[in-house]
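*Asks:* Here is my input; please provide its structure:
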Amino acid sequence: MNRLEAIELLKSEGWTKADAIRALEVIDFKTNPDELTIRRAVSSFAGSELIKRQRLQAAQKAMVTKKTKEIEQKDKEYTAKIAQYEKQQPEAKHNILEEQIQNLMTQNQELIEVNNQLKKDNKNLKNLVDAIKLRLAIDVKNLLRHKDSEIRIALVKWFKGIEG
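*Replies:* Predicted structure coming up:
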């Protein structure tokens, strides 16, 4: 008998599939056990132990159902309260939204102004960096005209590092 056949056998006797699987964990199905071996192995799970487990499962299911109904009832109550509140406060809600919109527009305008100033500053900095690079290039070119080879080699390396 294989595992599936054993599960079906136990299910036909009132076991749940999960209980049958738990009870059959102790059996090595590689040895192809017969029905009597299976019944002996699961006997410790049968009887009062099985009934007790099934009653506990039923009690848990009842608790879940009860809690689900409580949650649904509270959801309905809160939905009704929210609807009632929204009917009472439409103008206040509108005023709050208008104020929030105004604040956001003011903040947006400030950010646009700051962004424009940053763009100008970035452009000025770029021009300054370009002027420094140009001046360095001119100075180094003048230094490279000298004949001292070591100075020339060091300056070439330094210049290439600055350009990069």
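
*Asks:* For the protein, just list every one of the helices.
*Replies:* Along the chain, counting by DSSP state H, helices occupy 3-12, 17-23, 35-42, 48-88, 90-143, 149-163.

*Asks:* Phe29 is nearest to which of those helices?
*Replies:* With CB to CB as the measure, helix 3-12 is the member of the helices of the chain nearest Phe29 (5.1 Å). For glycine as for every other residue, the C-beta is placed from the backbone atoms N, C-alpha and C.

*Asks:* Tell me the helices and strands packed up against that closest one.
*Replies:* helix 17-23, helix 35-42 (3 or more CB pairs under 8 Å, 6 or more residues apart in numbering; DSSP states H and E).

*Asks:* Could you chop this protein up by domain?
*Replies:* Listed by automatic domain parsing, the domain ranges of the chain are 3-88, 90-163.

*Asks:* What score does Asn122 have for pLDDT?
*Replies:* Each residue has a pLDDT score; the one for Asn122 is 94.

*Asks:* Any figure for the gap between it and Leu111?
*Replies:* Using CB to CB, to the nearest Å, Asn122 is found at 16 Å from Leu111.

*Asks:* cool, and Ala154?
*Replies:* 48 Å.

*Asks:* just Asn142 next, same as before
*Replies:* 47 Å.

*Asks:* Spatially nearest residue to Glu86, not counting backbone neighbours?
*Replies:* Using CB to CB, 6 or more residues apart in numbering and skipping the chain neighbours, the partner closest in space to Glu86 is Lys93 (7.3 Å).

*Asks:* Would you mind finding the most buried of the domains of the chain?
*Replies:* The highest mean neighbour count among the domains of the chain, using mean count of other CB atoms under 10 Å, belongs to domain 3-88: a mean of 12.

*Asks:* Quick one: distance of that domain to the chain centre.
*Replies:* 31 Å (CA atoms, centre = their mean, to the nearest Å).

*Asks:* Stretch 137-153 now?
*Replies:* Using CA atoms, centre = their mean, the offset of stretch 137-153 from its chain centre is 59 Å.
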